[in-house]
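Engineer: can you look at this prediction? I've put the sequence above it.
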Amino acid sequence: KNQVEQSPQSLIILEGKNCTLQCNYTVSPFSNLRWYKQDTGRGPVSLTIMTFSENTKSNGRYTATLDADTKQSSLHITASQLSDSASYICVVSAKSTGRRALTFGSGTRLQVQP
Amino acid sequence: NAGVTQTPKFQVLKTGQSMTLQCAQDMNHNSMYWYRQDPGMGLRLIYYSASEGTTDKGEVPNGYNVSRLNKREFSLRLESAAPSQTSVYFCASSEALGTSNYGYTFGSGTRLTVV
């Protein structure tokens, strides 16, 4: 069964600090991995997407890494801001058609405090 | 450019009542989806529509029905609501179904409480 596990479940950091969120997956065959940001009361919004051959992808202060051998990804947030407070969801796509294409992690809830 | 629009944003139902959640997208996407999000769990697929005129079950279809009214609109119906259907429901769309190199655009969600 395809699974995506994220850690930690929740995290509190001070504004200006860095943090790293983890994602381990067992989705096979692997197609791509996305990180989404979900603000409270809103739908998820895509931050980055990485395919098998990509190790690192940046989007502003967000940097995602992928190790396809160990099936691990991380999302690093640099110089956190209050607006970074949200849930971050790791989503892994399998090379298949239909409903089994996406597997969602349960997310990491990040709170940035002043 | 509205993207994916869901209505209503909030709803409280009594057990046994029925209701329809509406979803519309203006990006000319072919595929549309309904997910539910429960605390501590990832989004789970209820139903999806690969293209206009087709619908298919996802992981958790029991208790729900869907209609792909046209290319823009995809509705989710609860015929007889149960407390277990208390959740946040998200509609999403993408250019096509499949390997998902295409991005998913999500609506802002409907928070449903069944009492």
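Structural biologist: Arrived safely. Numbering: from 1, shown residues only, chains lettered A, B, ... in the order given.
Engineer: was I right to think B:Phe10 contacts B:Tyr89?
Structural biologist: No: between B:Phe10 and B:Tyr89 there is no contact under CB atoms under 8 Å: 11.1 Å. All C-beta spots, glycine's among them, are computed from the backbone N, C-alpha and C.
Engineer: tell me which helix or strand the most centrally placed residue in chain B sits in.
Structural biologist: The residue lying closest to the centre of chain B (CA atoms, centre = their mean) is B:Trp34, at 2.5 Å. Using DSSP states H and E, B:Trp34 falls within strand B:31-37.
Engineer: end-to-end on stretch B:70-79?
Structural biologist: Here the two ends of stretch B:70-79 are set 21 Å apart, with distance taken as CA to CA, to the nearest Å.
Engineer: and chain A, which residues reach chain B?
Structural biologist: Those residues of chain A that sit near chain B, judged by CB under 8 Å from any CB of the partner chain, are A:4, A:9, A:31-32, A:41-46, A:49, A:51, A:89, A:93-99, A:101-107.
Engineer: which of those are buried?
Structural biologist: The neighbour count (16 or more other CB atoms under 10 Å in any protein chain shown) marks A:4, A:31-32, A:43-44, A:46, A:49, A:89, A:93-94, A:96, A:99, A:101-107 as buried among the residues of chain A next to chain B.
Engineer: between B:Phe10 and B:Tyr89, what contacts are shared?
Structural biologist: Here B:Phe10 and B:Tyr89 share the contacting residues B:110, B:112, scored by CB atoms under 8 Å, 6 or more residues apart in numbering or on different chains.
Engineer: from A:Gln72, how far off is A:Asp39?
Structural biologist: Using CB to CB, to the nearest Å, A:Asp39 is found at 26 Å from A:Gln72.
Engineer: what is the mean pLDDT for stretch A:105-114?
Structural biologist: Per-residue pLDDT values over stretch A:105-114 give a mean of 96.
Engineer: for B:Phe10 and B:Tyr89, indicate the residue with more neighbours.
Structural biologist: Higher neighbour count among B:Phe10 and B:Tyr89: B:Tyr89, with 23 against 9, using other CB atoms under 10 Å in any protein chain shown.
Engineer: B:Asn62 versus the closest residue to the more buried one other than its chain neighbours, what's the distance?
Structural biologist: Nearest residue to B:Tyr89, sequence neighbours excluded (CB to CB, 6 or more residues apart in numbering or on different chains): B:Thr110, at 4.6 Å. As judged by CB to CB, B:Thr110 and B:Asn62 stand 19 Å apart.
Engineer: so for the two, which sits in the more crowded spot?
Structural biologist: Counted by other CB under 10 Å, B:Thr110 and B:Asn62 do not tie: B:Thr110 has more neighbours, with 23 against 9.
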